[in-house]
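K.L.:
Have a look; sequence and predicted model below, questions after that.
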Amino acid sequence: MLRLLKSGRWGLLFCGLAVGAAVGAIVAVQFSSPRFQLPTTLLNASSTHGGTTMAIATGPIQDGVEGFFVLDFITGELTCSVLNPRTGAMGGAYRANVVADLGVEQGKQPQYLMVTGAANFRTQGGNIAPAESVVYVADANTGRYVAYWLPWNRQAAQYNFAQASPMMVLGTGSARNIQVE
């Protein structure tokens with residue numbers, strides 16, 4: 001074995017492997033600790049689910065408080081309940097009827113879709129400001145949609161007062177340019 005190592009080829013191979021292993025170890029040690037750190041990214045997510053007669057979704061209201069949106073397909077009633085983080089009880093109730101706002105024709109069976117989105121409205125101050133969530137409802141049959149915002153009273157929330165108000169229409173539109181029968 002020693003005679004093989006003393007010959008030129010095997011000795012060079014062995015020395016090359018030893019030097020390569022040493023360089024690899026040095027490189028591994030040098031780059032094992034990160035040179036830079038990526039900023040922490042907080043994820044904010046809402047959830048949505050729908051069935052044949054009802055859809056539910058969650059969306060941010062203010063400072064970590066969520067709203068629970070429920071759309072009843074049979075009546076067209078859209079409600080939002082807001083959990084009061086101090087008491088653990090529902091402390092807000094908002095309502096809208098999407099049938100009128102979407103222009104659903106009597107006798108037609110709409111196919112509703114609902115999602116929420118985060119919003120950061122600029123306000124001029126005051127106690128009542130839009131919540132940090134917008135709820136979107138669409139009729140898949142007609143392509144018409146409506147967006148609602150909630151008038152959130154920040155002071156009432158701070159002092160544990162229950163809130164109840166109609167949802168306000170932010171805008172309406174149509175995703176289709178043609179009439180589908």
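P.N.:
Received it, and whenever you're ready, just let me know what you need. Numbers count the residues shown, from 1 in each chain.
K.L.:
C-alpha from now on. contacts and neighbour counts both.
P.N.:
Fine.
K.L.:
Now do the buried residues in the host helix or strand of A129.
P.N.:
Using DSSP states H and E, the element containing A129 is strand 128-139. Neighbour-count burial for strand 128-139, counted by 16 or more other C-alpha atoms under 10 Å, picks out 129-139.
K.L.:
Sketch out the strands for this protein, chain order is fine.
P.N.:
Here the chain has its strands, by DSSP state E, at 48-50, 54-62, 65-72, 77-83, 90-97, 112-118, 128-139, 144-153, 163-166, 168-174.
K.L.:
would TSV of those with distance to I26 and mean pLDDT be doable?
P.N.:
Shown next, in TSV, are the strands of the chain (distance: least, C-alpha to C-alpha, whole Å; pLDDT from 0 to 100):
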stretch	distance to I26	mean pLDDT
strand 48-50	51	76
strand 54-62	50	89
strand 65-72	51	91
strand 77-83	56	91
strand 90-97	60	86
strand 112-118	48	90
strand 128-139	52	86
strand 144-153	59	89
strand 163-166	64	82
strand 168-174	61	92
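K.L.:
And those strands: which comes nearest A22?
P.N.:
Closest of those to A22 is strand 112-118, at 53.6 Å (criterion: C-alpha to C-alpha).
K.L.:
could you check the angle strand 65-72 makes with that closest one?
P.N.:
170 degrees (axes from the mean of the first three to the mean of the last three C-alpha atoms, to 10 degrees).
K.L.:
okay if I get the buried residues of strand 128-139 as a markdown table plus distance to G171?
P.N.:
As requested, the buried residues of strand 128-139 are exported to a markdown table (distance: C-alpha to C-alpha, whole Å):
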| residue | distance to G171 |
| --- | --- |
| A129 | 17 |
| P130 | 14 |
| A131 | 16 |
| E132 | 16 |
| S133 | 14 |
| V134 | 11 |
| V135 | 11 |
| Y136 | 10 |
| V137 | 11 |
| A138 | 12 |
| D139 | 15 |
